[in-house]
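Engineer: quick one: sequence plus predicted model below, questions after.
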Amino acid sequence: MTAIIERVLNDALALPPIERAELIRRLFQSFDVSEDNHIDTAWTEEVESRIEAYEKGLLTASPAEEVLARINRR
């Protein structure tokens, strides 16, 4: 790995989780040259509606560790 990539990676890892997720999304989008963005739009709307519902107390959340432990027990 080049020094520049290493520095960018370290900077990215220092970001809060939501900002890291946004960075990942934008990096993945840079590879997508298709004009079929309706799926991305639908997922964006779904995510935003879930966040809004969570913030209003209409949805609950579980820590990632608990979710992964449940998956691993299956």
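Structural biologist: Arrived safely, thanks for sending. Numbers count the residues shown, from 1 in each chain.

Engineer: show the pLDDT at residue 41.
Structural biologist: pLDDT for residue 41: 85.

Engineer: also residue 29?
Structural biologist: 83.

Engineer: contacting residues for it?
Structural biologist: residue 40 (C-beta atoms under 8 Å, 6 or more residues apart in numbering). Every residue, glycine included, has its C-beta placed from N, CA and C.

Engineer: low-confidence regions, the protein specifically.
Structural biologist: Residues of the chain that meet the criterion pLDDT under 70 lie in 32-36.

Engineer: quick check: the gap between the most centrally placed residue in it and residue 15.
Structural biologist: Ranked by distance to the mean C-alpha position of the chain (C-alpha atoms, centre = their mean), the top residue is residue 21 at 3.5 Å. Distance of residue 21 to residue 15, computed by C-beta to C-beta, to the nearest Å: 9 Å.

Engineer: over to residue 29?
Structural biologist: 17 Å.

Engineer: just give me the neighbour total for residue 53.
Structural biologist: 11 (other C-beta atoms under 10 Å).

Engineer: how about it: what's its closest non-neighbour residue?
Structural biologist: residue 59 (4.5 Å; C-beta to C-beta, 6 or more residues apart in numbering).

Engineer: could I have the host helix or strand of residue 22 exported to CSV, CA atoms only?
Structural biologist: For residue 22, the host element (DSSP states H and E) is helix 17-31. The C-alpha trace of helix 17-31 is given here as CSV (Å, rounded to 0.1, in the frame of the first residue of the first chain):
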residue,chain,number,x,y,z
PRO,A,17,-19.3,5.6,11.6
ILE,A,18,-21.9,7.5,9.6
GLU,A,19,-19.3,9.5,7.8
ARG,A,20,-17.3,6.4,7.0
ALA,A,21,-20.4,4.8,5.6
GLU,A,22,-21.0,7.9,3.4
LEU,A,23,-17.4,7.7,2.2
ILE,A,24,-17.8,4.0,1.3
ARG,A,25,-21.0,4.7,-0.5
ARG,A,26,-19.3,7.5,-2.6
LEU,A,27,-16.3,5.3,-3.4
PHE,A,28,-18.5,2.5,-4.5
GLN,A,29,-20.5,4.9,-6.6
SER,A,30,-17.4,6.0,-8.4
PHE,A,31,-17.1,2.5,-9.9
